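Novice: the following comprises the amino acid sequence and a computationally predicted model.
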Amino acid sequence: MSFFESIFSDFFNSAGVVDSIRVTIVMSFFSTMISSILGIFLGLFLERFNFKGKKIIIRFNRTLMCAPPVVIGLLAYMLLRGKGPLGFLVWVFTIKGMIFAQVIIITPIICGMVYSYAIRTAPAVRNFGKTMGASKRQIDILILKELRNEIYFSILTGFGRSISEVGAVFLIGGNIKNNTRTMTTAISTLKNAGEFKDGIYLGIILLVMAFIAQSLADYFIKEDTYNENY
Amino acid sequence: MKIISLQKQLGDFSLKIDNLEFEIGAVHGLIGPNGSGKSTLAKIIVGTTEPDFGKINLAPLSQNDITMTSQKPYLLHDTVYNNLIYPLKIRKIKPDESEINSLLDKCGMLDKKKQYARSLSSGEQQKLSFIRAMIFKPKLIIIDETLSNLDPDSVELFENIILDKQKNDPITWISISHQLVHISKICDKIHFLSDGQNIQSGTINDVLLNPSNEIVKKYMSSTEISFNMYNSNKKEKQ
């Protein structure tokens, strides 16, 4: 067995590593999926309709976009704990609870990004659609199509945020080995235990995952701007 | 098609059209200085801007019969071909490939059919938007400075396309332009807008050659050199 093979064999056989990768992927996938549905819908809704209180909602959303995750984690914990309004769900120290907290963190990011892109593009698309004789439904579909790259970028940014988050998942998940321990919380625990080697391996895997997500995001955005002559 | 008591306020600018009629099947020129409300009126006609007061009696046309191309056209994030067939696609009309190829060929863009539309030069983008407006056979096309970035040969090509169309299957056109030579070549009727109001309507002879309104006279005197040169060349050729 070569040096590298022995290192990776030790790493993947060490208790909890594979589970932490699994928990991270499951949590990130579902939280990004739910946040994307909510964030894209809300972002487009805010662009599309004018109503009283819209400015306050946008400002509140922007505040949430830069809110510290640990604060959101605390809020989610208050909601989900036994005596909290959502205590009946019994989601504290579960992956479901972690996904819940992540959705509160990521939805405003995706919503804010989609809204910013939409206010720049959608009016022109809407006018174009009208001049071509498109129906309201056809215009809505066209707006989604024309914003597809920006929407991919927003989703991938949300995913990147999700896999790298520590504070909220620590608070809600409780960092339970083989159960709610994610790669980020595992790194934190390994560091406290002085086990830097496994922490570094997990960190490398996280970095590779984030790099792939961001490369995809860059690809979608650059695909257009490289070729434009506008 | 008639506009009666139409008003639109945009900041300090106010568009106020008391009475303006567009004869169906004719080519109309909408001229006037910058900021006189030509594009605003065009947007109201095409339905992308709502008037504050008054309305347009489109009869015998309907909103779906009207389209518009502008100086900076919106092109989809897609190929030239997919941009061209979009109006057909939403109407579930099967594209006539030979017609598409012929239009693209006329514009010298047949080899760019599969090219990303936004990578075209601004002149080519305007050509594409012009033929896209024609492809679904609307009954009124508004061309808002669409031919402004084109070279003289291309402008002539589109003028001939418009004139041919009027000979064979006439539709209504409203051309917004500062190029009086272009306007005088293709238009049957001219409407002069100034400061949000229609101050003179009539034939080329009435508005461009013998303007009765002082503002139109002043506008014409500032542009008469090129326009007179065009007219004298035309007479010489005849």
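Specialist: Received the coordinates, thanks.

Novice: show me where chain B has strands.
Specialist: For chain B, the strands defined by DSSP state E occupy B:2-10, B:13-21, B:27-31, B:53-57, B:66-70, B:140-144, B:172-176, B:189-194, B:197-202.

Novice: show me the one of those that comes nearest residue A:122.
Specialist: Set against residue A:122 and scored by C-beta to C-beta, these come closest in strand B:66-70, at 17.3 Å. (Glycine included, C-beta is placed from N, CA and C.)

Novice: just to revisit the earlier point, select, out of the strands of chain B, the one closest to chain A.
Specialist: strand B:66-70 (4.6 Å; C-beta to the nearest C-beta).

Novice: name the residues that touch that closest one?
Specialist: Identification of contacts with strand B:66-70 by C-beta atoms under 8 Å, 6 or more residues apart in numbering or on different chains yields A:131-133, B:39, B:42-43, B:45-48, B:58, B:87, B:126, B:129-130, B:132-133, B:136, B:138-146.

Novice: next step: the residues you listed restricted to helices.
Specialist: Residues of these located in helices (DSSP state H): A:131-132, B:39, B:42-43, B:45-46, B:87, B:126, B:129-130, B:132-133.

Novice: and the residue minimising distance to the centre of chain B, what are its bridge partners?
Specialist: Centroid-nearest residue in chain B, with C-alpha atoms, centre = their mean: residue B:143, separated by 2.0 Å. Counting by DSSP bridges, residue B:143 is bridged to residue B:69, residue B:175.

Novice: need the pLDDT of it.
Specialist: pLDDT recorded at residue B:143 is 94.

Novice: and residue B:24, how close does it get to residue B:61?
Specialist: Going from residue B:24 to residue B:61 by C-beta to C-beta, to the nearest Å gives 7 Å.

Novice: who has more neighbours, these two?
Specialist: Neighbour comparison, residue B:24 and residue B:61: the larger count goes to residue B:61, with 19 against 14 (by other C-beta atoms under 10 Å in any protein chain shown).

Novice: please name the bridge partners of residue B:28.
Specialist: With DSSP bridges as the rule, residue B:28 is bridged to residue B:174, residue B:189.

Novice: contact partners for it?
Specialist: Residues near residue B:28 by C-beta under 8 Å, 6+ apart: B:22, B:172-175, B:187-191.

Novice: list just the nearest of those residues to residue B:120.
Specialist: Using C-beta to C-beta, those come closest to residue B:120 at residue B:175, 22.3 Å.

Novice: wait, that closest one sits on residue B:29?
Specialist: Yes - with contact defined as C-beta atoms under 8 Å, residue B:175 counts as touching residue B:29 (5.3 Å).

Novice: find residues that contact each of those two.
Specialist: By the contact definition C-beta under 8 Å, 6+ apart, residue B:175 and residue B:29 are jointly contacted by B:183, B:186-187.

Novice: follow-up on the earlier one: shared neighbours, residue B:24 and residue B:61?
Specialist: Contact criterion C-beta under 8 Å, 6+ apart; residues shared by residue B:24 and residue B:61: B:1, B:139, B:172.

Novice: center of chain A, which residue is that?
Specialist: The centre of chain A sits closest to residue A:158, judged by C-alpha atoms, centre = their mean, with a distance of 2.9 Å.

Novice: which residues are in contact with that one?
Specialist: Contacts of residue A:158 (C-beta under 8 Å, 6+ apart): A:32, A:35-36, A:39, A:106, A:109-110.

Novice: in helices, which of those residues appear?
Specialist: Those of the contacts of residue A:158 lying in helices (DSSP H): A:32, A:35-36, A:39, A:106, A:109-110.

Novice: what are the phi and psi values at the closest residue to chain A within chain B?
Specialist: With C-beta to the nearest C-beta, the shortest gap between chain B and chain A falls at residue B:74, namely 3.9 Å. Residue B:74 adopts backbone torsions of phi -90, psi 120, taken as degrees, to the nearest 10.
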